[in-house]
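Asker: for reference, the sequence and a predicted model appear below.
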Amino acid sequence: MLPRGSVLIIDDEQEIRESILELLRMEGYSADSASTAEEGLKKIEGGIFDLVLLDINLPDRNGLDLLKVIKHEAPEVGVIMITAYDSSQMAFQASKEGAESYITKPWDNDKLLLEVRNLLDKSRLQAENLQLRRALKRFSLPNLVGKSDKMQKVMDLITQVAASRATILINGESGTGKELVAKTIHAMSPRADHSFVPVNTGSMPVDLLESTLFGHVKGAFTSAIATKRGLFEVADQGTIFFDEIGTVGVETQSKLLRVIQEREFMRLGGTETIKVDVRILAATNADLRKLVVNGHFREDLFYRLNVINICLPPLRDRKEDIPHLAEHFLRKFGEENSRPGLQFAPAAMKAVMDYDWPGNVRELENAVERAVVLAAGPVLGPDILPEQLFQNGSQGAAGNASEDIAGRSLFEIMEAKERTVILDMLARTNYSQTDAAEHFKIPLSTLNQKIKRLQIDVKRRGEP
């Protein structure tokens with residue numbers, strides 16, 4: 001007969017340990033004991049326990065301090081505090097530090113067994129629910145759309161590696177959905193109930209990036225008026241995702257390598273070593289091997305990150321997925337804009353299929369959202385698709401140019417054309433005015449003036 005659960009008793013009084021051990025074993029529980037905090041921690045590290053009965057007064061450590069350690073190292077383990085004093089203040093403090101319950105000496109055996117049984121039943125139910133959620137996620141990746149062989153291989157790999165602790169490097173062109181893959185891996189992992197922390201490394205100067213990642217102590221630099229936790233601490237027990245990892249400076253790379261190897265770091269200006277349990281995912285659209293050869297990226301860090309490699313194909317290499325993605329975004333934005341039942345006209349879908357989508361899934365998503373907002377009826381025709389879809393000679397909206405200019409002045413025609421071009425470029429750059437200005441090879445201030453003059457509504461969209 002399998003044990004009903006595994007319990008560890010940590011108490012310095014031998015008589016108490018032996019009496020609880022006998023009581024629990026008679027009821028079919030697996031039980032063990034320790035007389036000190038140090039001995040108890042070693043047994044927790046070396047064994048599998050569902051519940052700890054912890055005395056508040058131990059010879060080598062305060063029980064509440066030990067409770068903090070247990071909840072940090074093994075948060076899934078339930079803890080019942082044992083105390084000789086029935087104190088509401090102690091009960092509040094124990095609950096605040098994560099204890100599920102507490103009992104006072106001397107106790108009633110029936111009440112103790114009831115408390116143990118209830119907590120183990122609750123723990124078992126939570127574990128079963130978590131396993132069920134993970135199993136359902138394993139067979140359904142609703143946010144990753146694609147039936148092509150290339151995307152099926154990506155999804156199979158995600159399912160295979162999600163539950164591991166391995167560091168993963170995600171490669172792909174801009175807009176292919178690297179952050180979405182990272183979020184899916186986290187959601188399918190044992191860390192799903194903890195934080196997913198994204199870091200856009202390409203948008204921060206070195207000092208700010210290190211302060212953001214590792215935190216800082218008060219007085220570490222001029223504006224450090226208080227001690228601040230970094231994102232590695234925020235992501236403890238969870239996942240941290242580095243977007244565009246290739247842009248991180250070499251000095252910061254060495255500190256990242258230490259965190260990956262040792263799972264520890266120091267805040268800026270601090271001397272205390274902080275340990276964390278964080279899974280690291282990274283993404284890049286650059287060739288990191290080439291950066292290693294050129295001396296811009298540490299080789300040892302590259303191999304630490306590249307334990308598992310997931311390569312996302314560009315949309316032009318999986319065109320059979322385009323109709324599924326377009327329909328997915330049509331439903332999504334139709335619901336968001338209270339316009340259900342929308343559909344593409346055959347000519348519009350042909351234009352969508354014929355285009356290479358250099359901005360990948362992100363560009364397609366923005367184009368569909370734009371079409372949903374601008375559509376006059378339930379059928380989306382080619383006339384409301386971005387102009388770049390027709391620049392290779394395809395017929396569609398561009399084919400009706402003579403109708404569009406009838407009765408309009410040259411200035412009006414040029415202004416409308418300029419507005420369309422700017423809107424399309426903003427859509428391709430995820431509404432980044434800086435990136436759009438770079439593509440147009442004009443100053444950002446010039447683009448801003450045109451946006452204001454043409455009354456263009458500028459929005460930012462996240463990567464799908």
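Answerer: Yes, it's here. Bear in mind that the values here come from a model prediction, so they are computed numbers and not experimental data.

Asker: confirm Glu18 sits in a helix?
Answerer: Yes - according to DSSP: H, G, I helix; E, B strand; the rest coil, Glu18 belongs to a helix.

Asker: so where's the stretch 301-450 of the chain uncertain?
Answerer: Applying pLDDT under 70 to the stretch 301-450 of the chain flags the ranges 392-412.

Asker: and the helices in it?
Answerer: Applying DSSP state H, counting those that start in this stretch to the stretch 301-450 of the chain gives helices spanning 322-336, 346-354, 360-374, 401-404, 410-428, 433-440, 444-453.

Asker: please identify the deepest-packed of the ones you listed.
Answerer: helix 360-374 (a mean of 22; mean count of other CB atoms under 10 Å). Heads up, the C-betas are built off the backbone N, CA and C, glycines and all.

Asker: tell me what that helix is packed against?
Answerer: Applying 3 or more CB pairs under 8 Å, 6 or more residues apart in numbering; DSSP states H and E, one finds that helix 360-374 makes contact with helix 322-336, helix 346-354, helix 410-428.

Asker: and the first one, how far out from the chain middle?
Answerer: Taking the mean of its C-alpha atoms, helix 322-336 sits 23 Å from the chain's own mean (CA atoms, centre = their mean, to the nearest Å).

Asker: hang on, the earlier thing: and of the helices of the stretch 301-450 of the chain, who's closest to His186?
Answerer: If you check each of the helices of the stretch 301-450 of the chain against His186 by CB to CB, helix 360-374 wins as the nearest, at 19.2 Å.

Asker: hang on, Arg304 packs against Ile260?
Answerer: Yes - counting by CB atoms under 8 Å, Arg304 does reach Ile260; the two are 4.9 Å apart.

Asker: overlap in contacts of those two?
Answerer: Thr167 (CB atoms under 8 Å, 6 or more residues apart in numbering).

Asker: picking that back up, can you add distance to Thr247 and give the helices of the stretch 301-450 of the chain back as JSON lines?
Answerer: JSON lines is the format used below for the helices of the stretch 301-450 of the chain (distance: least, CB to CB, whole Å):
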{"stretch": "helix 322-336", "distance to Thr247": "28"}
{"stretch": "helix 346-354", "distance to Thr247": "32"}
{"stretch": "helix 360-374", "distance to Thr247": "19"}
{"stretch": "helix 401-404", "distance to Thr247": "42"}
{"stretch": "helix 410-428", "distance to Thr247": "21"}
{"stretch": "helix 433-440", "distance to Thr247": "15"}
{"stretch": "helix 444-453", "distance to Thr247": "20"}
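
Asker: for Leu54, which of those helices is the nearest?
Answerer: Of all the helices of the stretch 301-450 of the chain, it is helix 322-336 that lies closest to Leu54, at 49.2 Å by CB to CB.

Asker: tell me the angle that closest one makes with helix 360-374.
Answerer: 40 degrees (axes from the mean of the first three to the mean of the last three CA atoms, to 10 degrees).

Asker: list the helices and strands helix 322-336 packs on?
Answerer: Applying 3+ CB pairs under 8 Å, 6+ apart, one finds that helix 322-336 contacts strand 343-344, helix 346-354, helix 360-374.

Asker: tell me the strands beside the first one, with direction?
Answerer: Sheet pairing here is set by DSSP bridges, and for strand 343-344 it gives strand 379-380 (parallel).

Asker: what's in contact with the strand it pairs with?
Answerer: For strand 379-380, contacts defined as CB under 8 Å, 6+ apart pick out 330, 342-345, 348, 371-372.
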